[in-house]
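>>> pasting the sequence and the predicted coordinates here, then a few questions.
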Amino acid sequence: MSDARTPAQIEADIVRRREQLAVTLDEIGIRVHPKTIIGDAKARVASTVDHTAGRAFVAVNRTVSDVKARFTHEDGAPRLERVIPVALVAVAVVGLIAVSARKRKG
């Protein structure tokens with residue numbers, strides 16, 4: 001099987017392959033350049049932080065909604081049978097902290 005290409009065709013093929021190789025080498029050079037590597041790393045970190053922050057926001061929002069649902073009726077009115085005991089415990093804790101702080105000073 002003989003190659004029926006002319007010298008001009010072979011030369012044109014060589015020129016085309018050189019151009020393709022030059023483009024490929026330029027792309028590799030850009031990919032391995034420190035600024036590109038740093039930029040890619042920053043983008044991955046930012047994406048991870050955004051994803052983590054989004055998940056945290058959803059978790060906090062869900063928790064707040066659950067707590068709100070436990071202390072309010074569907075119409076938004078407070079459930080006094082749940083609010084009053086929690087308020088009393090909170091007042092007692094603040095009172096104990098205040099008494100403890102006075103004892104330390106005095």
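Structure received. The structure displayed is predicted, hence computed values, not measured ones.

>>> what about Glu27, which helix or strand?
helix 7-32 (DSSP states H and E).

>>> after that helix comes which helix or strand?
Once helix 7-32 ends, the next helix or strand along the chain (criterion: DSSP H and E) is helix 34-71.

>>> what about that next one, distance to the chain center?
Averaging C-alpha positions (CA atoms, centre = their mean, to the nearest Å) puts helix 34-71 4 Å from its chain's average.

>>> what are the buried residues along stretch 51-63?
Of the residues in stretch 51-63, none count as buried by neighbour count, 16 or more other CB atoms under 10 Å. Using the backbone N, CA and C atoms, a C-beta is placed for each residue, glycine as well.

>>> hey, C-alpha coordinates of that stretch in CSV?
Extracted as CSV, the C-alpha positions of stretch 51-63 are listed here (Å, rounded to 0.1, in the frame of the first residue of the first chain):
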residue,chain,number,x,y,z
HIS,A,51,-22.1,24.2,50.3
THR,A,52,-21.3,23.8,54.0
ALA,A,53,-22.7,27.2,54.9
GLY,A,54,-25.9,26.4,53.0
ARG,A,55,-26.3,23.0,54.8
ALA,A,56,-25.7,24.7,58.2
PHE,A,57,-28.3,27.4,57.4
VAL,A,58,-30.8,24.8,56.4
ALA,A,59,-30.1,22.8,59.6
VAL,A,60,-30.4,25.9,61.8
ASN,A,61,-33.6,27.0,60.0
ARG,A,62,-35.1,23.6,60.5
THR,A,63,-34.2,23.6,64.2
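
>>> helix, strand, or coil at Ala4?
Secondary structure, DSSP: H, G, I helix; E, B strand; the rest coil: Ala4 is coil.
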